[in-house]
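Participant: compute the structure for the input listed below.
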Amino acid sequence: MTESTPTEDTTQELHPGVKTERKSKASITIITLLVVVCIALGAILAVTYNSRYNEGVEAGTAEGIELGRAEQIESITADRYKGAVGDLVGLNASQVGYISLADEWRIHVTPSQASVPLLFKTPNGESINGDNAQDYKVVAQEPKANTAFDITYQTNSDGEEFDSLLATSGVQKVTVTVEKVKQ
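Facilitator: Residues are numbered from 1 along each chain as shown. Take a look at the predicted model:
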């Protein structure tokens with residue numbers, strides 16, 4: 001066996017026919033630095049994500065709203081077979097739900113984004129759509145804030161549950177009363 005300096009990678013034979021690699025101090029230092037850099041980047045990404053989420057909620061962006069809604073539902077119930085309606089009062093109507101491909105308003109009631117119909121009540125009976133939703137704010141809701149309810153999921157032909165398609169729900173719809181935002 002030959003002598004090696006501590007800064008070189010070497011292999012040595014511990015048992016006949018079995019070689020192992022011994023890492024040098026330089027290699028260990030590089031690996032340690034990479035781990036520290038990865039941890040630092042993870043912390044930066046977490047801070048960036050949290051600030052983007054907060055800015056999104058404050059600005060009313062869809063990304064921020066959906067993240068906030070999922071977190072709010074999870075804080076009410078972590079049970080997969082429970083849905084929940086968070087506190088919607090005070091939100092802008094455009095932040096409460098979304099318009100589905102079937103052109104109807106819906107609201108997510110599970111973190112996996114299963115949804116139920118969302119109905120708006122206005123003082124003058126005006127219809128809420130994607131163009132005027134930002135002109136209204138929620139002043140009341142039914143069911144009440146932080147209501148949890150039982151749900152079941154639709155299944156495929158193999159009996160596996162879909163993540164976001166509800167078969168039954170203890171809440172059939174969410175109704176919010178809105179009024180015009182004062183300008």
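Participant: please make it C-alpha for all contacts and neighbour counts, starting now.
Facilitator: Noted.
Participant: tell me what the helix or strand hosting residue 167 is packed against?
Facilitator: When elements are assigned from DSSP states H and E, residue 167 belongs to strand 161-169. If you count contacts as 3 or more CA pairs under 8 Å, 6 or more residues apart in numbering; DSSP states H and E, strand 161-169 packs onto strand 115-121, strand 147-155.
Participant: list the buried ones in it?
Facilitator: 164-166, 169 (16 or more other CA atoms under 10 Å).
Participant: tell me the mean pLDDT for the next helix-or-strand element following that strand?
Facilitator: Downstream of strand 161-169, the next assigned helix or strand under DSSP H and E is strand 174-180. Strand 174-180 carries an average pLDDT of 95.
Participant: residue 141: which of the helices and strands packed on strand 161-169 is closest?
Facilitator: Set against residue 141 and scored by CA to CA, the helices and strands packed on strand 161-169 come closest in strand 115-121, at 9.4 Å.
Participant: what does the strand holding residue 167 contact?
Facilitator: 83, 110, 112-115, 149-156 (CA atoms under 8 Å, 6 or more residues apart in numbering).
Participant: for these, give me a markdown table that also has neighbour count and pLDDT.
Facilitator: Listed next are the contacts of strand 161-169 as a markdown table, based on neighbours: other CA atoms under 10 Å; pLDDT from 0 to 100:
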| residue | neighbour count | pLDDT |
| --- | --- | --- |
| 83 | 28 | 87 |
| 110 | 28 | 84 |
| 112 | 13 | 79 |
| 113 | 16 | 82 |
| 114 | 18 | 87 |
| 115 | 24 | 90 |
| 149 | 15 | 90 |
| 150 | 14 | 91 |
| 151 | 19 | 91 |
| 152 | 17 | 93 |
| 153 | 18 | 93 |
| 154 | 14 | 95 |
| 155 | 14 | 95 |
| 156 | 9 | 95 |
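Participant: find the pair from those with maximum spatial separation.
Facilitator: 149 and 156 (23.2 Å).
Participant: which residues of this protein score low on pLDDT?
Facilitator: 1-24, 38, 40-70, 72 (pLDDT under 70).
Participant: the same query, at a cut-off of 50, please.
Facilitator: Applying pLDDT under 50 to the chain flags the ranges 4, 7, 9, 46-62.
Participant: that one - how does it break down into domains?
Facilitator: 10-57, 79-180 (automatic domain parsing).
Participant: dump those domains into a markdown table; add distance to residue 71 as well.
Facilitator: What follows is the domains of the chain, written out as a markdown table (distance: least, CA to CA, whole Å):
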| stretch | distance to residue 71 |
| --- | --- |
| domain 10-57 | 11 |
| domain 79-180 | 7 |
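Participant: for residue 95, what are phi and psi?
Facilitator: Torsion angles at residue 95 (phi, psi; degrees, to the nearest 10) stand at phi -90, psi -10.
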